[in-house]
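**Student:** Below: sequence and its predicted model.
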Amino acid sequence: MHIERIKKKYQRNARFYDLVEWPFRILRAAAIDELQLRPGHVVLDLGCGTGLSFALLEDAVGPSGQIVAVDVSPDMLARALEKCIRHRWTNISLIEADAETMGLQADSVDRVLCFYSIPASSVL
Ligand SMILES: C[S@@+](CC[C@H](N)C(=O)[O-])C[C@H]1O[C@@H](n2cnc3c(N)ncnc32)[C@H](O)[C@@H]1O
């Protein structure tokens, strides 16, 4: 989907997005479990949306770890920022970027989470 269409779609959806998170809870937990995260890991959350994975990622990497959260929608990122402030998560960097073109330095992260956002094949 074209970036401008994605931004428009999530500009509409951002306010209500978290209301429909429950059907994905088990899958989300399983996906994060698969990453075998350890304390201190740096994890990239690609297409992080409103930050629904942050709590589980925080539990896994702990205060010594880092979460780099990328999304192309400023409206979804605004919700993610609210969560960071509310929970006092200071080890999360929020980045507004297109995951397909942003580029990533080799070995800059330990793990990548790409949950319900973009096909992994378009970023790897
Ligand atoms: C269905 S939401 C999923 C959000 C989050 N991963 C979750 O589990 O709730 C899809 C998200 O992917 C983002 N997205 C889609 N294409 C993207 C791209 N090319 N680069 C960055 N973010 C993208 C959208 O803006 C949206 O926030």
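**Tutor:** Good, I have the coordinates.

**Student:** switch to C-alpha atoms for all contacts and neighbour counts from now on
**Tutor:** OK.

**Student:** Could I get the buried residue list for the top helix by length along the chain?
**Tutor:** Ranked by number of residues, the top helix in the chain under DSSP state H is helix 74-87. Applying a neighbour-count criterion of 16 or more other CA atoms under 10 Å, one finds Pro74, Asp75, Met76, Leu77, Ala78, Arg79, Ala80, Leu81, Lys83, Cys84 buried in helix 74-87.

**Student:** just curious, which of the residues you listed is nearest to the ligand?
**Tutor:** Met76 (5.5 Å; CA to the nearest ligand atom).

**Student:** OK, contacts around the closest one?
**Tutor:** Met76 makes contacts with Tyr10, Gln11, Ala14, Gly49, Thr50, as judged by CA atoms under 8 Å, 6 or more residues apart in numbering.

**Student:** measure the residue most central in space within the chain to the ligand for me?
**Tutor:** Taking CA atoms, centre = their mean, the centroid of the chain lies closest to Cys48, which sits 2.2 Å from it. Separation of Cys48 from the ligand (CA to the nearest ligand atom, to the nearest Å): 4 Å.

**Student:** just use 69 as the starting number from now, easier for me
**Tutor:** Noted, 69 is the first residue going forward, which turns the last one into Cys116.

**Student:** And that residue, its phi and psi?
**Tutor:** When quoted as degrees, to the nearest 10, the phi and psi of Cys116 stand at phi -70, psi -20.

**Student:** pLDDT at it, what is it?
**Tutor:** The per-residue pLDDT reported for Cys116 equals 98.

**Student:** isn't it right next to Pro142, touching?
**Tutor:** No. Contact criterion CA atoms under 8 Å: Cys116 and Pro142 do not qualify, at 11.3 Å.
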